[in-house]
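J.: Provided below for reference: sequence and predicted model.
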Amino acid sequence: MAKAFENMELWWITGAQLLYGGETVQIVDGHSKEMVEGLNNGGIIPVKVVYKGTANSSNEVEAIMQAASNDPKCAGVITWMHTFSPAKMWIKGLQCLKKPLLHFHTQYNSQIPWESIDMDFMNLNQSAHGDIEFGHICSRMRVARKVVVGHWKSKEAQERIAVWARVAAAVADAHDVRCLMFGMNMNNVAVTDGDRVEFEQRLGYHVDYYPVSSLMEYFKKVEDADVEALVEEYRKLYTVKIDECGEQVYWEKVRNAAKAEIAIRRVLEDENTSANTTNFDDLGAADITAEDFCGFDQIPGLATQRLMAEGYGFGAEGDWKTACLQRSLWVMNQGFEKGCSFLEDYTLNFAEDCTSSLQSHMLEVCPLISSDKPKLEVHFLGIGIRKQQTARLVFTSKTGRGIKATIVDLGNRFRLITSEVECIEPKPMPKLPVASALWVPQPTFEIGAGAWILAGGTHHSAFSYDITAEYWEDFAEITGMEFIGIDKNTTISGFKQQLRNNEVYYMLNKALK
Ligand code: MN
(Lines give C-alpha, C1' and ligand atoms only; values in the text may rest on other atoms or scores of the structure.)
Protein backbone atom coordinates (compact mmCIF):
# COMPACT_ATOMS: atom_id res chain seq x y z
CA MET A 1 0.00 0.00 0.00
CA ALA A 2 1.34 3.32 -0.98
CA LYS A 3 2.64 5.62 1.74
CA ALA A 4 0.29 8.47 0.92
CA PHE A 5 -2.69 6.42 2.10
CA GLU A 6 -1.15 4.93 5.24
CA ASN A 7 -2.49 7.33 7.83
CA MET A 8 -5.96 7.64 6.37
CA GLU A 9 -9.21 5.82 7.05
CA LEU A 10 -12.60 5.52 5.40
CA TRP A 11 -15.42 5.20 7.88
CA TRP A 12 -18.20 2.70 7.16
CA ILE A 13 -21.54 3.45 8.78
CA THR A 14 -24.47 1.05 8.47
CA GLY A 15 -27.91 2.56 8.66
CA ALA A 16 -30.54 0.60 10.59
CA GLN A 17 -33.31 1.23 13.09
CA LEU A 18 -34.63 -0.47 16.21
CA LEU A 19 -38.10 -1.17 14.75
CA TYR A 20 -37.14 -4.76 13.99
CA GLY A 21 -35.66 -5.38 17.47
CA GLY A 22 -32.17 -5.47 18.97
CA GLU A 23 -31.50 -8.94 17.66
CA THR A 24 -31.88 -7.73 14.07
CA VAL A 25 -29.41 -4.92 14.72
CA GLN A 26 -26.92 -7.48 16.04
CA ILE A 27 -27.21 -9.48 12.83
CA VAL A 28 -26.81 -6.28 10.81
CA ASP A 29 -23.71 -5.51 12.85
CA GLY A 30 -22.19 -8.94 12.16
CA HIS A 31 -22.89 -8.73 8.45
CA SER A 32 -21.39 -5.23 8.28
CA LYS A 33 -18.16 -6.37 9.94
CA GLU A 34 -17.85 -9.21 7.47
CA MET A 35 -18.42 -6.86 4.53
CA VAL A 36 -15.85 -4.32 5.72
CA GLU A 37 -13.34 -7.11 6.24
CA GLY A 38 -14.10 -8.31 2.74
CA LEU A 39 -13.40 -4.87 1.29
CA ASN A 40 -10.11 -4.58 3.19
CA ASN A 41 -8.99 -8.06 2.16
CA GLY A 42 -9.96 -7.51 -1.48
CA GLY A 43 -6.67 -5.73 -2.15
CA ILE A 44 -8.37 -3.19 -4.42
CA ILE A 45 -9.24 -0.28 -2.10
CA PRO A 46 -5.94 1.41 -1.10
CA VAL A 47 -7.27 3.16 2.02
CA LYS A 48 -8.24 1.17 5.10
CA VAL A 49 -12.01 0.91 5.65
CA VAL A 50 -13.00 1.09 9.34
CA TYR A 51 -16.36 -0.16 10.52
CA LYS A 52 -17.95 2.38 12.86
CA GLY A 53 -21.08 0.49 13.81
CA THR A 54 -24.76 0.83 13.09
CA ALA A 55 -26.56 4.16 13.35
CA ASN A 56 -30.11 3.68 14.61
CA SER A 57 -31.35 7.17 15.42
CA SER A 58 -30.92 10.82 14.54
CA ASN A 59 -28.70 11.37 17.60
CA GLU A 60 -26.47 8.44 16.72
CA VAL A 61 -26.12 9.59 13.10
CA GLU A 62 -25.27 13.14 14.17
CA ALA A 63 -22.69 11.96 16.71
CA ILE A 64 -20.86 9.77 14.22
CA MET A 65 -20.92 12.38 11.44
CA GLN A 66 -19.51 14.95 13.84
CA ALA A 67 -16.77 12.53 14.88
CA ALA A 68 -15.95 11.83 11.21
CA SER A 69 -15.77 15.55 10.46
CA ASN A 70 -13.43 16.16 13.40
CA ASP A 71 -11.07 13.23 12.94
CA PRO A 72 -8.13 14.20 10.70
CA LYS A 73 -7.52 10.52 9.84
CA CYS A 74 -11.00 10.15 8.35
CA ALA A 75 -10.79 10.88 4.61
CA GLY A 76 -14.38 9.97 3.85
CA VAL A 77 -17.59 8.23 4.95
CA ILE A 78 -19.26 5.22 3.33
CA THR A 79 -22.93 4.67 4.15
CA TRP A 80 -25.10 1.63 3.52
CA MET A 81 -28.61 0.78 4.71
CA HIS A 82 -28.96 -2.89 5.60
CA THR A 83 -32.55 -2.60 6.73
CA PHE A 84 -34.90 0.30 6.29
CA SER A 85 -33.48 3.48 7.79
CA PRO A 86 -35.99 6.33 7.79
CA ALA A 87 -34.07 9.18 6.25
CA LYS A 88 -35.20 12.03 8.47
CA MET A 89 -32.83 10.54 11.00
CA TRP A 90 -29.96 11.41 8.61
CA ILE A 91 -30.81 15.11 8.22
CA LYS A 92 -28.79 16.56 11.10
CA GLY A 93 -25.88 14.22 10.52
CA LEU A 94 -25.65 15.09 6.83
CA GLN A 95 -25.85 18.78 7.74
CA CYS A 96 -22.71 18.55 9.85
CA LEU A 97 -20.73 16.12 7.66
CA LYS A 98 -17.65 17.87 6.27
CA LYS A 99 -16.03 14.80 4.69
CA PRO A 100 -16.60 13.20 1.27
CA LEU A 101 -19.57 10.82 1.19
CA LEU A 102 -19.98 7.57 -0.72
CA HIS A 103 -23.33 5.87 -0.68
CA PHE A 104 -22.86 2.18 -1.38
CA HIS A 105 -26.02 0.56 -2.69
CA THR A 106 -25.29 -3.07 -2.01
CA GLN A 107 -26.69 -6.02 -0.07
CA TYR A 108 -25.17 -8.58 2.29
CA ASN A 109 -26.49 -11.64 0.47
CA SER A 110 -26.09 -11.72 -3.27
CA GLN A 111 -29.17 -13.69 -4.27
CA ILE A 112 -32.67 -14.32 -2.99
CA PRO A 113 -32.92 -17.75 -1.27
CA TRP A 114 -36.04 -18.66 -3.23
CA GLU A 115 -36.94 -21.73 -1.17
CA SER A 116 -36.53 -20.23 2.29
CA ILE A 117 -37.26 -16.52 1.90
CA ASP A 118 -39.89 -15.35 4.38
CA MET A 119 -41.06 -12.02 5.82
CA ASP A 120 -38.27 -11.96 8.44
CA PHE A 121 -35.59 -12.44 5.79
CA MET A 122 -37.07 -9.72 3.63
CA ASN A 123 -37.28 -7.27 6.56
CA LEU A 124 -33.65 -7.90 7.42
CA ASN A 125 -32.30 -7.70 3.87
CA GLN A 126 -34.02 -4.64 2.55
CA SER A 127 -31.25 -2.35 1.33
CA ALA A 128 -33.20 -1.98 -1.93
CA HIS A 129 -35.74 -0.18 0.23
CA GLY A 130 -33.45 1.56 2.74
CA ASP A 131 -30.83 2.80 0.28
CA ILE A 132 -33.47 4.42 -1.90
CA GLU A 133 -34.92 6.27 1.11
CA PHE A 134 -31.40 7.41 2.03
CA GLY A 135 -30.72 8.51 -1.55
CA HIS A 136 -33.84 10.65 -1.46
CA ILE A 137 -32.76 12.69 1.54
CA CYS A 138 -29.30 13.26 0.02
CA SER A 139 -30.91 14.60 -3.16
CA ARG A 140 -33.48 16.58 -1.17
CA MET A 141 -30.63 18.21 0.79
CA ARG A 142 -28.37 18.57 -2.30
CA VAL A 143 -25.62 16.57 -0.61
CA ALA A 144 -22.63 15.98 -2.88
CA ARG A 145 -21.81 12.27 -2.95
CA LYS A 146 -20.82 9.31 -5.08
CA VAL A 147 -23.29 6.49 -5.48
CA VAL A 148 -21.75 3.07 -6.13
CA VAL A 149 -24.10 0.23 -7.03
CA GLY A 150 -23.09 -3.42 -6.95
CA HIS A 151 -22.54 -6.45 -4.75
CA TRP A 152 -19.80 -5.80 -2.21
CA LYS A 153 -17.80 -8.86 -3.27
CA SER A 154 -17.69 -7.81 -6.92
CA LYS A 155 -14.44 -6.48 -8.33
CA GLU A 156 -16.31 -3.80 -10.29
CA ALA A 157 -17.98 -2.32 -7.21
CA GLN A 158 -14.73 -2.41 -5.24
CA GLU A 159 -12.96 -0.66 -8.11
CA ARG A 160 -15.53 2.16 -8.07
CA ILE A 161 -14.95 2.57 -4.33
CA ALA A 162 -11.17 2.46 -4.87
CA VAL A 163 -11.38 5.36 -7.32
CA TRP A 164 -13.31 7.45 -4.82
CA ALA A 165 -10.95 6.38 -2.00
CA ARG A 166 -7.92 7.69 -3.91
CA VAL A 167 -9.75 10.93 -4.65
CA ALA A 168 -10.90 11.32 -1.02
CA ALA A 169 -7.28 10.82 0.06
CA ALA A 170 -6.14 13.50 -2.40
CA VAL A 171 -8.81 15.89 -1.12
CA ALA A 172 -7.71 15.27 2.46
CA ASP A 173 -4.11 15.89 1.37
CA ALA A 174 -5.09 19.08 -0.49
CA HIS A 175 -6.34 20.52 2.78
CA ASP A 176 -2.72 20.49 3.99
CA VAL A 177 -1.00 21.49 0.75
CA ARG A 178 1.06 24.64 0.92
CA CYS A 179 2.30 25.81 -2.47
CA LEU A 180 5.35 28.07 -2.53
CA MET A 181 5.76 30.47 -5.42
CA PHE A 182 9.44 31.19 -6.08
CA GLY A 183 8.74 34.50 -7.78
CA MET A 184 5.35 35.59 -9.13
CA ASN A 185 3.29 34.54 -12.15
CA MET A 186 4.93 35.45 -15.44
CA ASN A 187 3.86 38.93 -16.52
CA ASN A 188 0.63 39.27 -18.46
CA VAL A 189 -0.33 35.59 -18.51
CA ALA A 190 -4.08 35.25 -17.80
CA VAL A 191 -4.65 31.53 -17.46
CA THR A 192 -2.16 30.96 -14.65
CA ASP A 193 -3.84 33.56 -12.43
CA GLY A 194 -7.01 33.55 -10.36
CA ASP A 195 -8.58 33.94 -6.95
CA ARG A 196 -6.29 32.38 -4.35
CA VAL A 197 -8.71 33.05 -1.49
CA GLU A 198 -11.55 31.19 -3.21
CA PHE A 199 -9.05 28.47 -4.15
CA GLU A 200 -8.21 27.86 -0.50
CA GLN A 201 -11.86 28.06 0.62
CA ARG A 202 -12.96 25.51 -1.91
CA LEU A 203 -9.99 23.18 -2.27
CA GLY A 204 -7.84 23.74 0.81
CA TYR A 205 -4.62 24.58 -1.06
CA HIS A 206 -2.75 27.46 0.53
CA VAL A 207 -0.55 29.46 -1.86
CA ASP A 208 2.32 31.63 -0.58
CA TYR A 209 4.98 33.75 -2.18
CA TYR A 210 8.57 32.90 -1.21
CA PRO A 211 11.32 35.44 -1.92
CA VAL A 212 13.97 34.19 -4.34
CA SER A 213 16.49 36.16 -2.24
CA SER A 214 15.71 33.86 0.72
CA LEU A 215 16.14 30.81 -1.52
CA MET A 216 19.58 32.19 -2.44
CA GLU A 217 20.54 32.22 1.24
CA TYR A 218 19.98 28.45 1.24
CA PHE A 219 21.84 28.11 -2.07
CA LYS A 220 24.93 29.85 -0.68
CA LYS A 221 25.10 27.46 2.26
CA VAL A 222 25.01 24.17 0.31
CA GLU A 223 28.20 22.17 1.07
CA ASP A 224 30.34 20.73 -1.74
CA ALA A 225 30.23 17.26 -0.18
CA ASP A 226 26.42 17.23 -0.43
CA VAL A 227 26.64 18.31 -4.06
CA GLU A 228 29.12 15.53 -4.88
CA ALA A 229 26.92 12.93 -3.18
CA LEU A 230 23.89 14.04 -5.22
CA VAL A 231 25.88 14.01 -8.47
CA GLU A 232 26.86 10.41 -7.62
CA GLU A 233 23.16 9.59 -7.31
CA TYR A 234 22.55 11.13 -10.75
CA ARG A 235 25.26 8.90 -12.22
CA LYS A 236 23.50 5.82 -10.88
CA LEU A 237 20.00 6.80 -11.93
CA TYR A 238 20.57 8.34 -15.35
CA THR A 239 22.60 7.82 -18.49
CA VAL A 240 25.38 10.41 -18.61
CA LYS A 241 25.37 11.92 -22.11
CA ILE A 242 28.00 14.58 -22.86
CA ASP A 243 27.52 16.45 -26.12
CA GLU A 244 28.63 19.75 -27.62
CA CYS A 245 29.29 21.57 -24.33
CA GLY A 246 32.25 19.32 -23.47
CA GLU A 247 33.11 17.48 -20.29
CA GLN A 248 34.21 20.42 -18.16
CA VAL A 249 31.10 22.54 -18.74
CA TYR A 250 28.91 19.44 -18.42
CA TRP A 251 30.05 18.57 -14.91
CA GLU A 252 30.14 22.19 -13.78
CA LYS A 253 26.54 22.65 -14.88
CA VAL A 254 25.41 19.34 -13.40
CA ARG A 255 27.05 20.23 -10.07
CA ASN A 256 25.35 23.64 -10.04
CA ALA A 257 22.02 22.00 -10.86
CA ALA A 258 22.54 19.59 -7.96
CA LYS A 259 23.34 22.52 -5.68
CA ALA A 260 20.10 24.23 -6.74
CA GLU A 261 18.16 21.02 -6.09
CA ILE A 262 19.54 20.74 -2.57
CA ALA A 263 18.67 24.38 -1.83
CA ILE A 264 15.12 24.09 -3.18
CA ARG A 265 14.50 20.79 -1.39
CA ARG A 266 15.65 22.29 1.91
CA VAL A 267 13.32 25.26 1.54
CA LEU A 268 10.39 23.00 0.64
CA GLU A 269 11.09 20.81 3.68
CA ASP A 270 11.68 23.69 6.10
CA GLU A 271 8.56 25.47 4.90
CA ASN A 272 6.47 22.29 5.04
CA THR A 273 5.25 22.52 1.47
CA SER A 274 4.28 19.93 -1.13
CA ALA A 275 3.97 22.11 -4.25
CA ASN A 276 5.92 24.95 -5.84
CA THR A 277 6.17 27.20 -8.84
CA THR A 278 9.16 28.91 -10.45
CA ASN A 279 9.64 31.84 -12.81
CA PHE A 280 12.47 31.68 -15.34
CA ASP A 281 12.96 35.45 -15.19
CA ASP A 282 13.55 35.40 -11.44
CA LEU A 283 16.60 33.30 -10.55
CA GLY A 284 18.49 35.51 -8.11
CA ALA A 285 20.81 38.38 -8.98
CA ALA A 286 20.44 39.58 -12.56
CA ASP A 287 24.10 40.11 -13.53
CA ILE A 288 25.82 36.73 -13.76
CA THR A 289 29.17 38.40 -14.59
CA ALA A 290 29.26 40.45 -11.37
CA GLU A 291 32.03 39.49 -8.93
CA ASP A 292 29.66 39.01 -5.98
CA PHE A 293 27.03 37.22 -8.09
CA CYS A 294 24.58 35.10 -6.13
CA GLY A 295 21.92 33.32 -8.12
CA PHE A 296 21.15 30.16 -10.06
CA ASP A 297 23.37 30.02 -13.13
CA GLN A 298 20.63 28.14 -15.03
CA ILE A 299 16.89 27.45 -14.80
CA PRO A 300 16.58 24.79 -12.05
CA GLY A 301 14.75 22.39 -14.36
CA LEU A 302 16.57 19.24 -13.30
CA ALA A 303 15.64 19.94 -9.66
CA THR A 304 12.01 20.45 -10.65
CA GLN A 305 11.92 17.22 -12.65
CA ARG A 306 13.29 15.20 -9.75
CA LEU A 307 11.20 16.89 -7.06
CA MET A 308 8.06 16.34 -9.11
CA ALA A 309 8.75 12.60 -9.15
CA GLU A 310 8.93 12.69 -5.33
CA GLY A 311 5.48 14.27 -5.14
CA TYR A 312 6.20 17.99 -5.08
CA GLY A 313 3.50 19.38 -7.34
CA PHE A 314 4.84 21.77 -9.95
CA GLY A 315 3.50 24.53 -12.17
CA ALA A 316 5.83 26.52 -14.43
CA GLU A 317 5.84 30.32 -14.72
CA GLY A 318 4.05 30.83 -11.43
CA ASP A 319 1.15 28.52 -12.31
CA TRP A 320 0.01 27.76 -8.74
CA LYS A 321 -3.28 26.15 -9.77
CA THR A 322 -1.54 23.50 -11.87
CA ALA A 323 1.17 23.01 -9.20
CA CYS A 324 -1.51 22.17 -6.62
CA LEU A 325 -3.48 19.99 -9.03
CA GLN A 326 -0.30 18.11 -9.97
CA ARG A 327 0.29 17.40 -6.27
CA SER A 328 -3.23 15.98 -5.92
CA LEU A 329 -2.77 13.92 -9.06
CA TRP A 330 0.47 12.48 -7.68
CA VAL A 331 -1.36 11.44 -4.50
CA MET A 332 -4.15 9.75 -6.45
CA ASN A 333 -1.59 8.09 -8.72
CA GLN A 334 0.38 6.48 -5.87
CA GLY A 335 1.26 2.87 -6.57
CA PHE A 336 0.24 3.00 -10.23
CA GLU A 337 2.77 2.03 -12.82
CA LYS A 338 2.84 4.49 -15.68
CA GLY A 339 3.17 7.77 -13.80
CA CYS A 340 2.04 11.37 -14.03
CA SER A 341 3.53 14.74 -14.94
CA PHE A 342 3.08 18.43 -15.43
CA LEU A 343 2.97 19.08 -19.20
CA GLU A 344 2.59 21.97 -21.59
CA ASP A 345 1.07 22.14 -25.06
CA TYR A 346 3.88 23.19 -27.34
CA THR A 347 3.87 22.33 -31.05
CA LEU A 348 1.30 20.79 -33.40
CA ASN A 349 1.90 18.19 -36.06
CA PHE A 350 -0.79 18.49 -38.72
CA ALA A 351 -0.87 15.23 -40.59
CA GLU A 352 -3.34 13.68 -42.99
CA ASP A 353 -3.86 10.50 -41.04
CA CYS A 354 -3.69 11.86 -37.50
CA THR A 355 -2.83 15.30 -36.18
CA SER A 356 -1.04 15.34 -32.84
CA SER A 357 0.30 17.78 -30.26
CA LEU A 358 3.81 17.74 -28.82
CA GLN A 359 3.80 18.12 -25.04
CA SER A 360 6.93 19.33 -23.41
CA HIS A 361 8.34 22.25 -21.52
CA MET A 362 11.61 24.11 -21.51
CA LEU A 363 12.78 21.44 -19.07
CA GLU A 364 10.18 20.56 -16.48
CA VAL A 365 8.64 17.19 -17.34
CA CYS A 366 8.44 14.48 -14.66
CA PRO A 367 10.64 11.40 -15.26
CA LEU A 368 7.86 9.16 -13.86
CA ILE A 369 6.33 9.11 -17.37
CA SER A 370 9.59 8.21 -19.13
CA SER A 371 9.55 5.14 -21.36
CA ASP A 372 13.20 4.44 -20.63
CA LYS A 373 16.14 5.37 -18.39
CA PRO A 374 16.37 9.18 -18.69
CA LYS A 375 19.53 10.75 -20.13
CA LEU A 376 21.24 13.51 -18.14
CA GLU A 377 22.26 16.13 -20.69
CA VAL A 378 23.54 19.71 -20.75
CA HIS A 379 22.59 22.07 -23.57
CA PHE A 380 22.28 25.76 -24.21
CA LEU A 381 18.86 27.20 -23.31
CA GLY A 382 18.17 30.64 -24.74
CA ILE A 383 15.00 31.41 -22.75
CA GLY A 384 14.65 33.45 -19.58
CA ILE A 385 17.05 35.67 -17.74
CA ARG A 386 20.08 33.34 -17.91
CA LYS A 387 20.55 31.99 -21.46
CA GLN A 388 23.09 29.42 -20.34
CA GLN A 389 24.16 25.83 -20.72
CA THR A 390 21.54 24.00 -18.66
CA ALA A 391 21.25 20.52 -17.16
CA ARG A 392 18.10 18.46 -17.77
CA LEU A 393 16.70 14.93 -17.99
CA VAL A 394 15.83 13.95 -21.56
CA PHE A 395 13.37 11.19 -22.43
CA THR A 396 10.20 10.46 -24.36
CA SER A 397 7.02 9.38 -22.64
CA LYS A 398 5.38 6.00 -22.60
CA THR A 399 2.66 5.42 -25.19
CA GLY A 400 -0.99 4.61 -24.53
CA ARG A 401 -4.15 6.24 -23.23
CA GLY A 402 -4.04 8.98 -20.65
CA ILE A 403 -5.89 12.01 -19.40
CA LYS A 404 -4.94 15.62 -18.87
CA ALA A 405 -6.63 17.89 -16.35
CA THR A 406 -6.64 21.54 -15.43
CA ILE A 407 -8.47 24.04 -13.25
CA VAL A 408 -9.42 27.46 -14.62
CA ASP A 409 -10.91 30.40 -12.75
CA LEU A 410 -14.00 31.67 -14.59
CA GLY A 411 -14.63 34.54 -12.22
CA ASN A 412 -17.74 33.08 -10.56
CA ARG A 413 -16.40 29.51 -10.20
CA PHE A 414 -13.53 27.12 -10.79
CA ARG A 415 -13.92 24.77 -13.73
CA LEU A 416 -12.12 21.43 -13.80
CA ILE A 417 -11.55 20.33 -17.40
CA THR A 418 -10.28 16.93 -18.49
CA SER A 419 -9.39 15.61 -21.90
CA GLU A 420 -8.67 12.01 -22.84
CA VAL A 421 -5.62 11.60 -25.04
CA GLU A 422 -3.70 8.84 -26.77
CA CYS A 423 0.09 9.08 -26.44
CA ILE A 424 1.86 7.94 -29.58
CA GLU A 425 5.46 7.35 -30.60
CA PRO A 426 7.15 10.52 -31.91
CA LYS A 427 9.77 10.51 -34.66
CA PRO A 428 13.36 11.05 -33.44
CA MET A 429 14.04 14.71 -32.61
CA PRO A 430 17.85 14.83 -32.38
CA LYS A 431 17.97 18.62 -32.09
CA LEU A 432 15.32 18.92 -29.36
CA PRO A 433 17.00 17.71 -26.16
CA VAL A 434 14.04 17.97 -23.77
CA ALA A 435 11.60 15.49 -22.30
CA SER A 436 8.37 15.21 -24.27
CA ALA A 437 5.15 13.34 -24.99
CA LEU A 438 3.23 13.29 -28.27
CA TRP A 439 -0.52 12.89 -28.00
CA VAL A 440 -3.76 12.87 -29.91
CA PRO A 441 -6.75 14.31 -28.01
CA GLN A 442 -9.91 12.18 -28.26
CA PRO A 443 -12.18 11.65 -30.13
CA THR A 444 -10.08 13.40 -32.80
CA PHE A 445 -7.45 16.10 -32.57
CA GLU A 446 -9.86 18.65 -34.08
CA ILE A 447 -12.75 17.96 -31.68
CA GLY A 448 -10.62 17.38 -28.57
CA ALA A 449 -8.45 20.47 -29.02
CA GLY A 450 -11.45 22.57 -30.12
CA ALA A 451 -13.50 21.62 -27.05
CA TRP A 452 -10.55 22.32 -24.72
CA ILE A 453 -10.24 25.82 -26.18
CA LEU A 454 -14.00 26.46 -25.95
CA ALA A 455 -13.91 25.44 -22.27
CA GLY A 456 -11.11 27.95 -21.65
CA GLY A 457 -8.50 25.30 -20.81
CA THR A 458 -4.87 26.06 -20.00
CA HIS A 459 -1.75 25.31 -22.01
CA HIS A 460 -0.45 23.67 -18.80
CA SER A 461 -1.95 20.45 -17.51
CA ALA A 462 -1.62 17.66 -14.95
CA PHE A 463 -1.33 14.44 -16.93
CA SER A 464 -1.61 10.76 -15.98
CA TYR A 465 -1.85 7.42 -17.77
CA ASP A 466 -3.44 5.59 -14.86
CA ILE A 467 -6.20 7.99 -13.84
CA THR A 468 -9.54 8.16 -15.66
CA ALA A 469 -12.18 10.88 -15.96
CA GLU A 470 -14.06 9.18 -13.12
CA TYR A 471 -11.35 10.28 -10.66
CA TRP A 472 -11.58 13.89 -11.72
CA GLU A 473 -15.36 13.83 -11.73
CA ASP A 474 -15.28 12.57 -8.12
CA PHE A 475 -12.69 15.24 -7.26
CA ALA A 476 -14.92 17.99 -8.67
CA GLU A 477 -18.02 16.57 -6.97
CA ILE A 478 -16.33 16.53 -3.55
CA THR A 479 -14.83 20.01 -3.88
CA GLY A 480 -17.88 21.61 -5.47
CA MET A 481 -16.23 22.51 -8.75
CA GLU A 482 -17.73 22.44 -12.22
CA PHE A 483 -16.58 19.37 -14.13
CA ILE A 484 -16.27 19.23 -17.91
CA GLY A 485 -14.90 16.08 -19.52
CA ILE A 486 -13.78 15.72 -23.13
CA ASP A 487 -13.72 12.12 -24.35
CA LYS A 488 -14.43 9.84 -27.28
CA ASN A 489 -18.15 10.75 -27.18
CA THR A 490 -17.65 14.53 -27.32
CA THR A 491 -19.22 16.49 -30.16
CA ILE A 492 -18.61 20.22 -30.52
CA SER A 493 -22.28 21.19 -30.68
CA GLY A 494 -23.17 19.04 -27.66
CA PHE A 495 -20.16 20.41 -25.79
CA LYS A 496 -21.15 24.02 -26.47
CA GLN A 497 -24.64 23.30 -25.21
CA GLN A 498 -23.17 21.78 -22.02
CA LEU A 499 -21.10 24.95 -21.47
CA ARG A 500 -24.19 27.12 -21.91
CA ASN A 501 -26.27 24.94 -19.56
CA ASN A 502 -23.56 25.00 -16.92
CA GLU A 503 -23.31 28.77 -17.14
CA VAL A 504 -26.95 29.05 -16.12
CA TYR A 505 -26.66 26.32 -13.48
CA TYR A 506 -23.74 27.96 -11.73
CA MET A 507 -25.31 31.42 -11.87
CA LEU A 508 -28.46 30.07 -10.20
CA ASN A 509 -26.48 27.87 -7.83
CA LYS A 510 -24.56 30.89 -6.61
CA ALA A 511 -27.75 32.90 -6.23
CA LEU A 512 -29.37 30.12 -4.15
CA LYS A 513 -26.49 29.93 -1.65
MN1 MN B 1 4.64 27.12 -19.64
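T.: That came through fine. Please read these numbers as outputs of a predicted model, since none were measured by experiment.

J.: low-confidence ranges in this structure?
T.: For the chain, the stretches with pLDDT under 70 are 1-3, 511-513.

J.: interface residues of it facing the ion?
T.: 316-317, 344 (C-beta under 5 Å from the ion). No exception for glycine: its C-beta is placed from N, CA and C like everyone else's.

J.: can you tell me which of those are in strands?
T.: Judged by DSSP state E, strands contain the following of the residues of the chain next to the ion: residue 344.

J.: could you dump the residues of the chain next to the ion into a markdown table with neighbour count added?
T.: Shown next, in a markdown table, are the residues of the chain next to the ion (neighbours: other C-beta atoms under 10 Å):
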| residue | neighbour count |
| --- | --- |
| 316 | 24 |
| 317 | 24 |
| 344 | 22 |
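
J.: can you show me the strands along the stretch 101-250 of the chain?
T.: For the stretch 101-250 of the chain, the strands defined by DSSP state E, counting those that start in this stretch occupy 101-105, 146-149, 178-182, 206-210, 239-240.

J.: for the ones you listed, could you give me a markdown table that also reports mean neighbour count?
T.: Shown next, in a markdown table, are those (neighbours: other C-beta under 10 Å):
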| stretch | mean neighbour count |
| --- | --- |
| strand 101-105 | 22 |
| strand 146-149 | 17 |
| strand 178-182 | 22 |
| strand 206-210 | 17 |
| strand 239-240 | 14 |
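
J.: can I get these in CSV including distance to residue 79?
T.: CSV is the format used below for the strands of the stretch 101-250 of the chain (distance: least, C-beta to C-beta, whole Å):
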stretch, distance to residue 79
strand 101-105, 5
strand 146-149, 10
strand 178-182, 32
strand 206-210, 31
strand 239-240, 52
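
J.: number of nearby residues for the nearest residue to residue 133 once chain neighbours are set aside?
T.: Setting aside the residues directly before and after it, residue 133 is nearest to residue 87 in space (C-beta to C-beta, 6 or more residues apart in numbering), at 4.7 Å. Using other C-beta atoms under 10 Å, residue 87 has 21 other residues around it.

J.: the residue nearest the centre of the chain sits in which helix or strand?
T.: In the chain, the residue lying closest to the centroid (C-alpha atoms, centre = their mean) is residue 329, at 2.2 Å. Using DSSP states H and E, residue 329 sits in helix 320-332.

J.: what angle separates that helix from strand 206-210?
T.: 120 degrees (axes from the mean of the first three to the mean of the last three C-alpha atoms, to 10 degrees).

J.: which positions in helix 320-332 come out as buried?
T.: 320-332 (16 or more other C-beta atoms under 10 Å).

J.: and the residues you listed, which is closest to the ion?
T.: residue 322 (9.1 Å; C-beta to the ion).

J.: name the nearest residue to the closest one, ignoring sequence neighbours.
T.: residue 315 (3.7 Å).

J.: just give me the neighbour total for that neighbour.
T.: 28.

J.: so how far is residue 454 from the residue nearest to the centre of the chain?
T.: 23 Å (C-beta to C-beta, to the nearest Å).

J.: what's the answer for residue 153, then?
T.: 43 Å.

J.: so for those two, which sits in the more crowded spot?
T.: The neighbour comparison of residue 153 against residue 454 (other C-beta under 10 Å) goes to residue 454, with 16 against 13.

J.: enumerate every residue touching that one.
T.: Counting by C-beta atoms under 8 Å, 6 or more residues apart in numbering, residue 454 makes contact with 492, 495-496, 499.

J.: residue 265 contacts residue 311, doesn't it?
T.: No. In this structure residue 265 lies outside contact range of residue 311 using C-beta atoms under 8 Å: 12.0 Å.

J.: which residue ranges form the helices in the stretch 351-500 of the chain?
T.: Remark: helices assigned in the stretch 351-500 of the chain by DSSP state H, counting those that start in this stretch are 445-454, 469-479, 492-512.

J.: also the stretch 101-250 of the chain?
T.: 119-124, 127-140, 155-174, 196-203, 212-221, 224-237, 246-270.

J.: what residues does the shortest one touch?
T.: Around helix 119-124, the neighbours that count as contacts under C-beta under 8 Å, 6+ apart are 20, 24, 27-28, 82-83, 113.

J.: how about the most far-flung residue of the chain relative to its centre, what does it touch?
T.: Distance from the centre of the chain peaks at residue 115, with 49.3 Å (C-alpha atoms, centre = their mean). Neighbour list for residue 115: empty [criterion: C-beta under 8 Å, 6+ apart].

J.: first-to-last residue distance for stretch 171-181?
T.: The straight-line separation of the ends of stretch 171-181 (C-alpha to C-alpha, to the nearest Å) is 21 Å.

J.: next one: stretch 114-122
T.: One end of stretch 114-122 sits 11 Å from the other (C-alpha to C-alpha).

J.: flag every buried residue along that stretch.
T.: Of the residues in stretch 114-122, none is buried (16+ other C-beta under 10 Å).

J.: what do you get for stretch 82-96?
T.: Result for stretch 82-96 [16+ other C-beta under 10 Å]: buried residues 82-87, 89-90, 92-94.

J.: can you list those in a markdown table and add distance to residue 233 and secondary structure?
T.: Shown next, in a markdown table, are the buried residues of stretch 82-96 (distance: C-beta to C-beta, whole Å; DSSP: H, G, I helix; E, B strand; the rest coil):
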| residue | distance to residue 233 | secondary structure |
| --- | --- | --- |
| 82 | 54 | coil |
| 83 | 59 | coil |
| 84 | 61 | coil |
| 85 | 56 | coil |
| 86 | 61 | coil |
| 87 | 57 | helix |
| 89 | 58 | helix |
| 90 | 54 | helix |
| 92 | 55 | helix |
| 93 | 51 | helix |
| 94 | 51 | helix |
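
J.: between these, which is nearest the ion?
T.: Distances from the ion to the buried residues of stretch 82-96, taken by C-beta to the ion, are shortest for residue 94, at 42.2 Å.

J.: measure the residue nearest to that closest one when sequence neighbours are not counted to residue 88 for me?
T.: Residue nearest to residue 94 in three dimensions, not counting chain neighbours: residue 143, with 5.3 Å by C-beta to C-beta, 6+ apart. According to C-beta to C-beta, residue 143 stands 14 Å off from residue 88.

J.: what do you get for residue 337?
T.: 47 Å.
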